[in-house]
Each structure stands twice: as C-alpha cells, then as structure tokens.
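S.K.: sequence and computational prediction follow.
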Amino acid sequence: VQLVESGGGLVQPGGSLRLSCAASGFTFSSYHMSWVRQAPGKGPEWVSAITNGGGYTSYADSVKGRFTISRDNAKNTLYLQMSSLKPEDTAQYYCARDAYGLGRPGAYWGQGTQVAVSS
C-alpha cells in the first residue's frame with residue numbers, strides 16, 4: 001500500500017489549494033478514504049472522508065462549507081479542494097485508508113503534504 005500526497009504550499013488567507021493523493025498497491029475503489037491533518041504541537045484532526053464509490057462525503061465542522069473531498073477511481077486518486085483558507089488550517093495534511101468504517105483511518109497513511117496559510 002502506498003499513498004503519496006501532493007499539492008501543499010504557502011497560501012494567503014482566503015486563498016485556495018487542491019491536495020491530491022495518489023494511491024497504489026491496493027484496490028482503491030474498494031476503500032473509503034479520509035483526509036487527516038496535524039497542526040504543529042497538536043494531535044491529528046480528522047478532516048473529511050468519502051465512501052469508496054464517492055457517493056457520500058463527511059466533513060469536520062471546522063472545514064464544512066470550505067473544503068470538498070472527491071475521488072477519481074479510474075485514476076486511483078483522492079482530492080481535497082480547500083478554499084477560504086484560514087491561518088488555523090495550517091497543518092501537515094495526510095490521506096489515509098479507512099479501515100474501521102467511514103472516517104476511521106487504519107494503519108495506512110501517506111507521508112503528508114504541508115499547508116501553510118499566512119500573509
């Protein structure tokens with residue numbers, strides 16, 4: 001199993017970024033997937049999840065209405081479109097394969113991509 005995130009960077013408050021997660025080594029379309037973030041000095045925070053077919057999504061209250069999760073099973077890729085970014089969104093963002101139900105990641109996480117929101 002391999003999960004490789006990309007798309008992070010430095011953005012001003014109010015800006016947008018799209019994160020991608022390329023999956024390999026397993027049948028991507030069979031698994032629910034999640035995004036999790038970890039800010040400096042804090043524990044992991046679950047951000048969003050999507051069912052294996054993409055028909056249902058779920059979000060943390062802190063990002064609801066600003067972030068959109070999606071997936072392309074033909075490309076084995078998970079996405080997180082982030083808009084109206086705030087400084088408190090600054091974190092390392094990880095994609096993870098759910099193992100215990102939607103929004104409950106198991107042991108497989110990517111290496112993360114850094115998002116910094118600052119003026």
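M.R.: Looks like it arrived, so ask away.
S.K.: got the contact list for the worst-scoring helix or strand of the chain on mean pLDDT?
M.R.: Ranked by mean pLDDT, DSSP states H and E, the helix or strand of the chain with the weakest confidence is strand 105-109, at a mean of 94. The contact list for strand 105-109 (Cβ atoms under 8 Å, 6 or more residues apart in numbering) reads 1, 3, 34, 36, 46, 94, 95, 96, 97, 98, 99, 100. For glycine as for every other residue, the C-beta is placed from the backbone atoms N, C-alpha and C.
S.K.: quick check: what element follows that strand along the chain?
M.R.: Downstream of strand 105-109, the first helix or strand assigned by DSSP states H and E is strand 113-117.
S.K.: wait, residue 85 touches residue 17, no?
M.R.: Yes. Applying Cβ atoms under 8 Å, one finds residue 85 in contact with residue 17, separated by 6.8 Å.
S.K.: and for these two, which residues touch both?
M.R.: With Cβ under 8 Å, 6+ apart as the test, residue 85 and residue 17 both reach 11, 115.
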